[in-house]
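Colleague: how does the following fold in three dimensions:
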Amino acid sequence: MSVWHGRSRRKPTGGKYKKFRKKRKYELGRFPVLTVLGERKAKHVRTRGGNFKLKLFSDMYANVVDPKTNKVTHTKILDVKTNPANQDFSRRGVITKGAIIVTELGEAVVTSRPGQDGIINAKLLPKK
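Modeller: Down below sits the predicted model:
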């Protein structure tokens, strides 16, 4: 089954629109990739215009930048603390942009979109 981003078949009143054409390739969508902790697993996907996205299914390392020293460190992710995008993502340990992860350097907030960029970049949070 595929995801279709075309016009709805229903009117706001609940009535049906008459079908005037078939589905088009450019109306095609995809299910989101929910990145979790684990051994690195990624996949190249061709998108419209010949571009590509690197879908990251799982990874255990992140590039963490320290805002004080401006130094980037490739460090291991220990846990996903919270994910403000969805409470269920916090329970399942899904990493999306804005998720707070626990690394060997401390807590960091994810600044990249792992499901589309194929990498986990994060910014170290100040210690409380």
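
Colleague: hmm, residue 114 is touching residue 57, no?
Modeller: No. Counting by CB atoms under 8 Å, residue 114 does not reach residue 57; the two are 9.2 Å apart. In this view, the C-beta of every residue, glycine as well, is placed from N, C-alpha and C.

Colleague: those two: which is more packed in?
Modeller: residue 114 (27 against 17; other CB atoms under 10 Å).

Colleague: quick check: that one vs residue 18, distance?
Modeller: Separation of residue 114 from residue 18 (CB to CB, to the nearest Å): 42 Å.

Colleague: again with residue 127
Modeller: The value you get for residue 127 to residue 18, if CB to CB is used, is 61 Å.

Colleague: tell me how far residue 35 lies from residue 3.
Modeller: For residue 35, the distance to residue 3 - CB to CB - is 19 Å.

Colleague: residue ranges of the helices in this protein, please?
Modeller: 87-92, 114-117 (DSSP state H).

Colleague: cool, thanks, signing off.
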